[in-house]
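Trainee: A predicted structure for the sequence below; I have some questions about it.
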Amino acid sequence: MSLRSEESLLIKEKDRLEAKLAKLQKSNPKAKLPEKEKIRFDEITTLLKKKIISVTMTQSLVNHIDELVKEILVEEGNSQSLTDGLIAAVDMLNSNTDIGKQNREKVLAEYSEKNIDTLKEYLYD
């Protein structure tokens, strides 16, 4: 199942639960979903929030990947570009260039560690 179809199913299920809650609250404004459905609703809400953050982070990383690894960025479907990238990667290894360390220093210098920690807590805790 693709991520899009999974997301679509989650949204439909969330909409169904919201409609059920609205119907319940029409006759009793303090009504709540049954516990099992409330738990499921909360799970769906959390999953969708995480997906939004994950997509945003991924898009942000993709937009900045050329800045981080511009030395070995290759064009899709271009064998010459791939060859050049592999040669550059081998040259970097041979010259003891620590590109990972350079990239980490760049990220730490340009991005707040607090934001990274906050996102990590939200996504994985």
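Mentor: Nice, thanks for sending it over. None of the values given here were measured: they were computed from a predicted structure.
Trainee: which residues in this protein form helices?
Mentor: Taking DSSP state H as the criterion, the chain contains helices spanning 3-27, 35-68, 79-94, 99-110, 113-124.
Trainee: quick one: average pLDDT of the third one?
Mentor: It stands for helix 79-94. Summarised as a single mean, pLDDT over helix 79-94 is 80.
Trainee: buried ones in that helix?
Mentor: Using 16 or more other Cβ atoms under 10 Å as the test for burial, helix 79-94 gives Gly85, Ala89. Glycine gets a C-beta too; all of them are placed from N, C-alpha and C.
Trainee: before we move on, what about the first one?
Mentor: Of the residues in helix 3-27, those buried by neighbour count under the rule 16+ other Cβ under 10 Å are Leu10, Lys14, Leu17, Leu21.
Trainee: Show me the domain layout of the chain.
Mentor: Annotated domains of the chain cover 1-62, 69-125 [automatic domain parsing].
Trainee: Lowest average pLDDT across those?
Mentor: Here the lowest mean pLDDT among the domains of the chain goes to domain 69-125, at a mean of 72.
Trainee: quick one: Lys38 and Lys120, what's the gap?
Mentor: Lys38 sits 27 Å away from Lys120, going by Cβ to Cβ, to the nearest Å.
Trainee: More neighbours: which of the two?
Mentor: Lys38 (13 against 10; other Cβ atoms under 10 Å).
Trainee: Nothing else from me, thank you.
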